[in-house]
Structures are given as structure tokens and as C-alpha cells.
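1. Predicted model and sequence below, questions to follow.
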Amino acid sequence: MSTNDICHVETTSFHNELDSKDYPFEKDRYWLYTSKVCPFAHRTEIMRALIGLTDYIGLTIADAVQTEQGWDLGNRYKSADSAPSPITDIKRLPDIYKLAAPGYTGRASVPVLFDTKTNTIVNNESSEIIRQFDQIATQQFEHTTLYPDDKQTLIDELITELADELITPIYRAGFAKDQKTYQSYFEKVFTCLTKLNNRLGETESFITGDSLTLADVHAYPHIVRFDAAYHSLYRLNKHFIRDYPNITNYMKRLGEIPAFGGTLDIQAVKEGYFLAWNQPTEGNFTPLGPEVNPRSGVAITVNT
Ligand SMILES: N[C@@H](CCC(=O)N[C@@H](CS)C(=O)NCC(=O)O)C(=O)O
């Protein structure tokens with residue numbers, strides 16, 4: 001495995017269902033491991049906070065800066081939201097994976113939803129964890145669903161579109177090894193942002209219309225990291241998010257919701273991206289942006 005492959009969109013290995021026969025939903029039984037830098041883990045923190053699971057599922061936030069030994073659970077990330085891991089003798093996430101699945105050799109990625117009763121991993125795929133949290137919230141707490149029947153097809157389409165046209169291209173551009181690859185993913189990212197900006201101009205409030213859905217929980221964590229990290233670190237520097245007025249308003253709207261803005265730690269995000277051992281260093285090609293006025297050199301603001 002090349003170090004530069006890490007922190008692409010990881011494939012995950014644990015896909016059990018919470019609130020099933022093997023993993024019935026019980027207060028204080030399950031534990032979530034995340035890191036503030038990781039946008040996928042951020043989705044699960046948002047959902048946990050949004051639907052009031054904070055009193056039911058514990059949370060340990062790993063140190064934001066990942067080292068070669070994996071995510072550090074040694075309580076170095078200080079926050080009122082984060083509690084020490086209940087598996088007290090384990091200080092690194094890879095050892096949690098080994099406890100759950102002896103002989104496991106895959107990636108030890110966040111997020112992890114862990115079952116403290118059986119010492120197994122229920123699930124480590126953010127999109128599944130948040131859907132399962134939504135189900136619990138609607139079935140056990142009568143919370144309004146973020147995955148309503150009449151919008152499921154649209155939500156699924158938008159989540160796939162975000163993954164294929166924005167999220168994966170962000171990492172492919174960031175970790176590209178040559179100009180051509182970088183350029184093709186660079187174009188995809190900005191095409192998708194323009195499309196999203198136009199879409200938000202029509203739907204006005206949220207991606208699928210006037211109510212918050214799982215599609216917004218997918219979108220926010222990556223977009224919120226864009227200007228601070230991806231723009232420079234991954235050379236996605238044609239525009240900033242601030243140049244897209246509808247996305248900017250949308251992000252402001254989401255940021256005001258405590259579960260979204262309150263779970264973001266932008267300083268930790270920056271440290272996690274810029275100080276980690278596995279991020280791209282200087283490459284062999286020229287950045288394509290920012291777009292500047294050819295006479296004044298002033299960065300151009302997009303008018304969409
Ligand atoms: N498909 C996974 C992706 C999770 C993921 O990529 N996590 C990264 C951080 S952003 C990670 O923990 N990588 C650790 C490693 O590979 O060692 C999900 O959506 O949950």
C-alpha cells in the first residue's frame with residue numbers, strides 16, 4: 001500500500017445492522033470512534049447529535065492528526081463531546097479492530113461503531129451508520145426521519161452524485177501523480193460545485209428541498225473542509241466555496257444547526273490535514289488555480 005493511497009475513500013469491512021437480532025439497540029452498549037479531521041466520521045457525529053443519541057451512544061474522538069501507527073485514542077483530543085474509550089487498555093484504533101476481528105489486516109478507519117457487549121465492530125461505513133441512526137431515531141424516539149419514503153430515490157441519487165462527482169474526485173485530484181489525472185478530477189470537482197450551486201438556487205433551503213435529509217449530512221462535511229484544506233492541500237484552487245453564493249448560504253444555514261456547526265472543529269481539521277503523515281506533499285505539476293484577472297492578478301469571483 002502506498003502511503004499516498006491512504007485517506008482516499010476507504011472501502012469498509014463491517015456492515016452489520018444496528019437494532020437487529022445480534023445488535024439490539026440498548027442504551028450505553030454501543031460506542032462511536034471518530035476523528036475531527038475525517039469528513040466521513042463527521043457525518044456520524046452530526047447524526048448522533050442531531051437526533052439526540054448523545055445520551056445513548058458514547059463517543060471517543062481520536063487525535064485529529066493521524067500517525068503511521070493509526071488513530072490515537074489516548075484522550076489527546078480534548079473536548080466535552082469526547083469521553084475516554086471504554087476499552088481502557090487500548091490506545092490506538094487498529095487494536096480495536098484487532099480486538100473485534102483477530103487477524104484483521106485491512107484499514108483501521110474512522111468512523112467505527114463498536115459493540116462493548118460483544119467486543120465486535122457493528123459497522124464502519126459512515127453512510128450505513130447514519131442511515132441506521134436515522135432508523136433508530138424514527139422508530140424509538142419518534143424523530144422525524146431524514147430519509148422519508150417519498151424522497152428516498154432522490155436522496156440516494158444525490159448521495160451517489162456527491163460521492164462520484166465531488167467526494168471521490170476531491171481525493172483523486174489531491175493524490176494525483178500526474179497533471180492529466182489531476183486536471184480531469186479538478187474539472188469534475190468544480191463542475192459538480194457549479195451544479196450544486198445551481199440546484200441550491202432552485203431548492204433554496206436544502207439539497208432536496210425544504211427539509212433536511214441524509215443528503216445534507218453527506219454534503220456538509222466535505223464542503224465545510226474545502227476552503228480551509230482541499231483548496232490548497234489538494235490544489236483544488238479554481239474557486240473557493242465562498243465564490244458560490246447559494247452553497248455559501250446553504251453552508252451558513254447548516255452551520256447554524258448545532259449538530260452541524262457545533263461538531264466542526266476547523267482548527268483540528270486543518271491540523272489533521274496539514275500535519276498528518278499520509279497527505280500529499282509537493283508534486284510534479286502546476287496548480288491550475290486560482291483563476292485571476294490577467295491584468296490585475298486579482299482572484300476572480302464566480303458569477304453563477
Ligand atoms: N467509506 C468510509 C471511509 C472512511 C475513511 O476513509 N476514513 C479515513 C479518514 S478520512 C481513515 O480513517 N483512514 C485511516 C486509514 O486508512 O488508516 C466511510 O464512509 O466511513
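-> That came through, no problem.
2. ok, residues contacting the helix or strand hosting H218?
-> Assigned by DSSP states H and E, H218 belongs to helix 214-224. By Cβ atoms under 8 Å, 6 or more residues apart in numbering, the surrounding residues in contact with helix 214-224 are 39-40, 42-43, 46-47, 50, 127, 130-131, 134, 146-147, 154-155, 158-159, 162-163, 166-167, 170, 196, 206-208, 241, 247, 251, 254-255, 260, 264, 266. C-betas here are computed from N, CA, C, even on glycine.
3. now the helices for the stretch 151-300 of the chain?
-> Secondary structure of the stretch 151-300 of the chain, counting by DSSP state H, counting those that start in this stretch: helices at 152-162, 168-174, 179-203, 214-224, 231-233, 245-255, 258-261, 266-275.
4. The fourth one - what's its average pLDDT?
-> Okay, so that is helix 214-224. With pLDDT averaged residue by residue, helix 214-224 scores 97.
5. So it, near the ligand or not?
-> No: applying Cβ under 6 Å from any ligand atom, one finds that helix 214-224 is not in contact with the ligand, the shortest distance being 9.4 Å.
6. coming back round to it: now do the helix holding H218 against helix 245-255, angle only.
-> Using axes from the mean of the first three to the mean of the last three Cα atoms, to 10 degrees, the inter-axis angle of helix 214-224 relative to helix 245-255 is 110 degrees.
7. Now do helix 214-224: distance to the chain's middle.
-> Here the centre of helix 214-224 is set off from its chain's centre by 7 Å, with Cα atoms, centre = their mean, to the nearest Å.
8. Kindly calculate the angle that it makes with helix 179-203.
-> Taking the same axes, to 10 degrees, one finds that helix 214-224 is oriented at 130 degrees with respect to helix 179-203.
9. Could you find the closest non-adjacent residue to the residue nearest the centre of the chain?
-> Note on the chain: the residue nearest the mean C-alpha position is P39, at 2.0 Å, using Cα atoms, centre = their mean. Across the structure, with Cβ to Cβ, 6 or more residues apart in numbering as the measure, the residue nearest P39 apart from its sequence neighbours is P221 (3.6 Å).
10. Report the buried members of the contacts of helix 214-224.
-> The neighbour-count test (16 or more other Cβ atoms under 10 Å) applied to the contacts of helix 214-224 identifies 39-40, 42-43, 46-47, 50, 127, 130-131, 134, 146-147, 155, 158-159, 162, 166-167, 170, 196, 206-208, 241, 247, 251, 254, 260, 264 as buried.
11. Of the residues you listed, which are in range of the ligand?
-> With respect to the ligand, and counting by Cβ under 6 Å from any ligand atom, the subset of the buried ones among the contacts of helix 214-224 in contact is F40, S127.
12. Could you look up the SS state of R48?
-> Local secondary structure at R48 is given as helix here, using DSSP: H, G, I helix; E, B strand; the rest coil.
13. For burial, what's the neighbour tally of T67?
-> Around T67 there are 13 other residues, counting by other Cβ atoms under 10 Å.
14. Tell me the bridge partners for it.
-> As for beta bridges, T67 partners with G70 under DSSP bridges.
15. My guess is it contacts G272. True?
-> No: contact status for T67 versus G272: not in contact, 11.2 Å apart, counting by Cβ atoms under 8 Å.
16. about what we covered before: ramachandran coordinates for the residue nearest to the centre of the chain?
-> Here is the backbone geometry of P39 (degrees, to the nearest 10): phi -70, psi -30.
17. residues contacting it?
-> For P39, the contacting residues are I167, P221, H222, V224, R225, by Cβ under 8 Å, 6+ apart.
18. quick one: which of the residues you listed is most hemmed in?
-> Neighbour tally across the contacts of P39 (other Cβ under 10 Å): the maximum, 25 neighbours, falls on R225.
19. Excluding residues flanking it in the chain, which one is nearest E45?
-> When the adjacent residues along the chain are set aside, E45 lies closest to T263, with 4.4 Å between them (Cβ to Cβ, 6+ apart).
20. and for stretch 288-299, what are the contacting residues?
-> Residues outside stretch 288-299 that contact it (Cβ under 8 Å, 6+ apart): Y182, Q183, F186, R235, L236, N237, K238, H239, F240, I300.
21. Distance of the second one relative to E165?
-> With distances taken as Cβ to Cβ, to the nearest Å, Q183 is found 16 Å from E165.
22. same deal with the fifth one?
-> L236 is 13 Å from E165, where distance means Cβ to Cβ.
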